[in-house]
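1. need coordinates for the below:
(2 chains)
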2 protein chains.
Amino acid sequence: MKGREHIDEWPVQFAPRLSVEAVEEGTLLAPKFNAEGLIPVVTTNASTGEVLMMGTMNAEALVRTIEAGEAHYWSRSRHCLWHKGATSGLIQRVVEIRVDDDQDAIWLRVDVDGGASCHVGYRSCFYRSVPIGSLNSGPVKLRFEETTKVFDPEVIYGDAPNPTQL
Amino acid sequence: MKGREHIDEWPVQFAPRLSVEAVEEGTLLAPKFNAEGLIPVVTTNASTGEVLMMGTMNAEALVRTIEAGEAHYWSRSRHCLWHKGATSGLIQRVVEIRVDDDQDAIWLRVDVDGGASCHVGYRSCFYRSVPIGSLNSGPVKLRFEETTKVFDPEVIYGDAPNPTQL
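-> Model prediction:
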């Protein structure tokens, strides 16, 4: 069950997607993975509602998250199953898992050990805002909504490669 | 600026992605679109923090959202720019736009005219939860967290095709 072109083993925990009505109005988990075997995930702070990060899961990451109650993702930069916090200690403890209408997206509500989810050191990956109605002749200027890092990435991650791709 | 393989016209509102440091720690909007010209978007209720939906934008949808303060998406089922609410009246008024660390995801905080964002008729697309630790020998059973629809989809959408794909 890797994150790849096609899922070669459909977990027993997932129902087949037989009809639109069953997927939208039914009570069986029948997730849809894309051509790369991945499903997008949004993770929010269970108490505040703040969006912490967006990621992806393969089938195995979803099963392990349901099983363990700790967030697992598919790392697109490292191409492997990713138990969030295994390196940094910033484990995400899952309070609730939701699935959307057509079951092609997952929402995790979590409590975070250490209070941060962003590899840059901020509480949320979404630490900058885009002012509305601010279009001029050049690039839009962002505003920092978080100004203090929770941790120093060099201390936590050391020489590990930065996952950001240009 | 359609949602397609490559963006053929980089809007003046977007800076080039020249370095990881500038993308992560800088103050210029330099969004990353995938191979199909799309960027994922999560939309939450600005007051409650509830996740309403996940969608995608192409470059034009992002520029129009910043400009108008009303959510625009790229419709993957209809393959066109989608001013959310143009058909249903359920306009999403944008309170805040956020961008994540590597600028490959967007978060919209919105107020919703009519109080619903889901084509099935619920307030949120994520109206069902997946119980944690509940793995048995068959498919996982979902629980409905919303039990009453805000609107009747047949009244709002009539004969329009259902966007859900199996």
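
2. let me see the backbone angles for A:Val95.
-> phi -90, psi -40 (degrees, to the nearest 10).

3. skipping adjacent residues, who's closest to it in space?
-> Nearest non-adjacent residue to A:Val95, counting by C-beta to C-beta, 6 or more residues apart in numbering or on different chains: A:Ala46, 4.0 Å away. Where C-beta positions appear, they are placed from N, C-alpha and C, glycine not excepted.

4. so where's chain A shaky on pLDDT?
-> For chain A, the stretches with pLDDT under 70 are A:1-8.

5. of all of it, which residue lies closest to chain B?
-> Per C-beta to the nearest C-beta, A:Gly49 is where chain A lies closest to chain B, at 1.6 Å.

6. for the spatially most central residue of chain A, which three-state class applies?
-> With distances taken as C-alpha atoms, centre = their mean, A:Gly55 lies nearest the centre of chain A, 3.0 Å away. Per DSSP: H, G, I helix; E, B strand; the rest coil, the local secondary structure of A:Gly55 is strand.

7. do A:Glu60 as well
-> Here A:Glu60 is helix, with the state taken from three-state DSSP.

8. what about the residue of chain A closest to chain B, how many residues nearby?
-> 17 (other C-beta atoms under 10 Å in any protein chain shown).

9. is it true that the residue nearest to A:Val95 touches A:Arg109?
-> Yes - between A:Ala46 and A:Arg109 there is a contact under C-beta atoms under 8 Å: 4.0 Å.

10. shared neighbours of those two, anything?
-> Any residue near both A:Ala46 and A:Arg109 by C-beta atoms under 8 Å, 6 or more residues apart in numbering or on different chains counts here, and that gives A:95-96.

11. show me which of those two is the more surrounded one.
-> A side-by-side neighbour count of A:Ala46 and A:Arg109, using other C-beta under 10 Å, places A:Arg109 first with 23 against 18.

12. which residues sit against the helix or strand that contains the more buried one?
-> If you go by DSSP states H and E, A:Arg109 is part of strand A:106-112. For strand A:106-112, the surrounding residues in contact (C-beta under 8 Å, 6+ apart) are A:31, A:39-47, A:52, A:57, A:62, A:65, A:71, A:90-100, B:51, B:126.

13. could you list the paired strands of the next helix or strand after that strand along with their orientation?
-> Helices and strands here follow DSSP H and E; after strand A:106-112, the next one along the chain is strand A:128-129. Note on strand A:128-129: by DSSP bridges, its sheet partners are strand A:143-144 (antiparallel), strand B:92-99 (antiparallel).
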